[in-house]
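> 3D model of this:
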Amino acid sequence: MNPELLRNLWLEASPIRLALIAGLVLLVFAAASAVPPQWGSAESAAQVLYWFFVVLWGTRNAALSVVAEIRERTWDGQKLSSIGPVQMMWGKLLGSTAANWFGGLLCLPPMVAPVLAGQGPRAALLYAGMMLALGLFAQAAALLSSLMLVRRNTGNWRLDTFLCQVAGIAAAFSYFTLWRSLDAFQTSGAETLVWWGQVFNLRAFHLVSLMVFLTWALIGCWRMMRAELRFANGPFVWLAYLAFLCVYEAGFAPWLVHRLHLDAAPLFDTILRLVMAVFTLTATTYSMVFLEPKGPVRMRWLGEQLRAEHLRRAFLALDAWMLSYGAALAASLVLVALLMARGSPLVLPAAALPGFLTRDVAIFVLVRGVAQGKGDLAALAILGALYVLVPLILRGAGLEALLALFLPRLGAPPLTVIAAWAQGLVMAWLALRSIRPGIREKLKAA
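Next comes the predicted model:
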């Protein structure tokens, strides 16, 4: 048996704790059966308890599974053990939440019973599978978030644990809200969904989507655990995830065309799919450049590999934010080419977008390098000033024409493209110089 899972089972699923959880569940069910029906039912009580045990409490335990080891100074010893990344990941994810799953499984039959009576065994099985996958997805999101923050080594473990718990709860709540809203869609007659020209049942599509994203979350936990245990990950899994995101989002283009009553020409359909892919890659770039560490030593090593023409070694060592930025840049250039072929007025903001993205990414690298590994919040504040405060000031001063110098806009003049790339290249040059030894002290002194 997995030794890490067994250790956590002994720690978390003690007989006394399991007996207390079972007693609490029985008392709540007894109280729900005794009160008038308009005050509550066993089904609603079971659902509240399931969310408490699996989502609220479970995400906290999952987020603490590694953070608590760091606080107790036992994580370094575990990393030196013979336990591999797969065993360590499952041991932390399932072992730390074993007591939570015990309570959640006790609540599952009362939740599924009304569905079984009203819609049959197939619907009940789908609902039970959805709730189990939902809970595991929330806990995997919390564990993944905690592992990413561990790599950043902020030292604010209480705040980090709370943020990771919020991330897991938000992931579960967002999907459950979408699932519950399907009843309204089906009442209005929309029981199917068109994705890449194929018609799918709404509930089946969303359940499959949950399973796929759960799989990616588990893969992310495995890769982060590999990084913690000092294994090399490589770029191919992240590139596959980016490709999946682009394909998944672009598949909704026909539905968007139908909803917005847009031009359904084949070229426009292709452009719309590419626009959705570009925005997906851009959002991924911003999130990863904020979350991932950007150490100057590592970036200097990458530069040395490139100068020595060790391209394969450098490519295999690229971080996720670098790969996301490269993919967003390539997709943007393809989008610009298609817009130019169509003669679209969107070609100028599309050409300016990668310039502004280059500027923003370089700001993160520059501030992180100057602040010696702690500057992501400052970089985020700078971007907030560029995208929120500066536009407010310019609008208040009646200088809205200058907004095109700071952010991409529809109907922007050609000067926008020049300004965007000029800012991007200047910031990239400063960011590269900040990586060099001895430059950080000069920049801080200036």
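> correct me, but residue 12 touches residue 95?
Yes: counting by CB atoms under 8 Å, residue 12 does reach residue 95; the two are 6.5 Å apart. To be clear about C-beta, it is placed using only N, CA and C from the backbone, and glycine gets the same treatment.
> any weak-confidence spans in the protein?
Along the chain, segments meeting pLDDT under 70 span 37-38, 40, 154-155, 182-190, 255-268, 371-374, 411-412, 437-446.
> show me where it has its strands.
In the chain, the segments counted as strands under DSSP state E are 192-195, 198-201.
> touching the first one from outside, list them.
By CB atoms under 8 Å, 6 or more residues apart in numbering, the residues outside strand 192-195 that reach it are 199, 200, 201, 202, 205, 251, 252, 254, 255, 258.
> buried ones from those residues, can you make that a PyMOL selection?
To isolate the buried members of those in PyMOL, using 16 or more other CB atoms under 10 Å:
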select buried, resi 202+205+251+252+254
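> check the contacts of strand 192-195 against residue 140 and report the nearest one.
Distances from residue 140 to these, taken as CB to CB, are shortest for residue 205 (20.9 Å).
> quick one: contacts for the closest one?
Contacts of residue 205 (CB under 8 Å, 6+ apart): 193, 195.
> swap in residue 313?
So residue 313 contacts residue 305 (CB under 8 Å, 6+ apart).
> I'd like the numbering to begin with 22 instead of 1 from here.
Sure, I'll start numbering at 22, so the last one becomes residue 334.
> ok, now how distant is it from residue 120?
45 Å (CB to CB, to the nearest Å).
> residue 138 too?
30 Å.
> in terms of neighbours, single out the busier of the two.
residue 120 (22 against 9; other CB atoms under 10 Å).
> go ahead and confirm the more buried one touches residue 30.
No: the pair residue 120 and residue 30 does not pass the contact test of CB under 8 Å, sitting 9.3 Å apart.
> run through the helices of the stretch 22-171 of the chain in chain order.
24-33, 36-55, 63-71, 79-92, 96-100, 106-116, 119-140, 142-173 (DSSP state H, counting those that start in this stretch).
> okay, stretch 105-123 in PDB with CA atoms only?
Taking Å, rounded to 0.1, in the frame of the first residue of the first chain, the C-alpha atoms of stretch 105-123 are listed here in PDB:
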ATOM      1  CA  GLY A 105       7.700   8.900  -5.700                       C
ATOM      2  CA  PRO A 106       5.600  11.800  -7.000                       C
ATOM      3  CA  VAL A 107       2.600   9.700  -7.800                       C
ATOM      4  CA  GLN A 108       2.400   8.100  -4.400                       C
ATOM      5  CA  MET A 109       3.100  11.400  -2.600                       C
ATOM      6  CA  MET A 110       0.400  13.200  -4.600                       C
ATOM      7  CA  TRP A 111      -2.300  10.600  -3.900                       C
ATOM      8  CA  GLY A 112      -1.100  10.100  -0.400                       C
ATOM      9  CA  LYS A 113      -1.500  13.900   0.300                       C
ATOM     10  CA  LEU A 114      -4.700  14.300  -1.700                       C
ATOM     11  CA  LEU A 115      -6.700  11.300  -0.400                       C
ATOM     12  CA  GLY A 116      -5.000  10.700   2.900                       C
ATOM     13  CA  SER A 117      -5.300  14.200   4.300                       C
ATOM     14  CA  THR A 118      -9.100  14.200   3.300                       C
ATOM     15  CA  ALA A 119      -9.900  10.600   4.400                       C
ATOM     16  CA  ALA A 120     -12.100  11.700   7.300                       C
ATOM     17  CA  ASN A 121     -13.800  14.300   5.000                       C
ATOM     18  CA  TRP A 122     -14.700  11.600   2.500                       C
ATOM     19  CA  PHE A 123     -16.000   9.400   5.200                       C
END
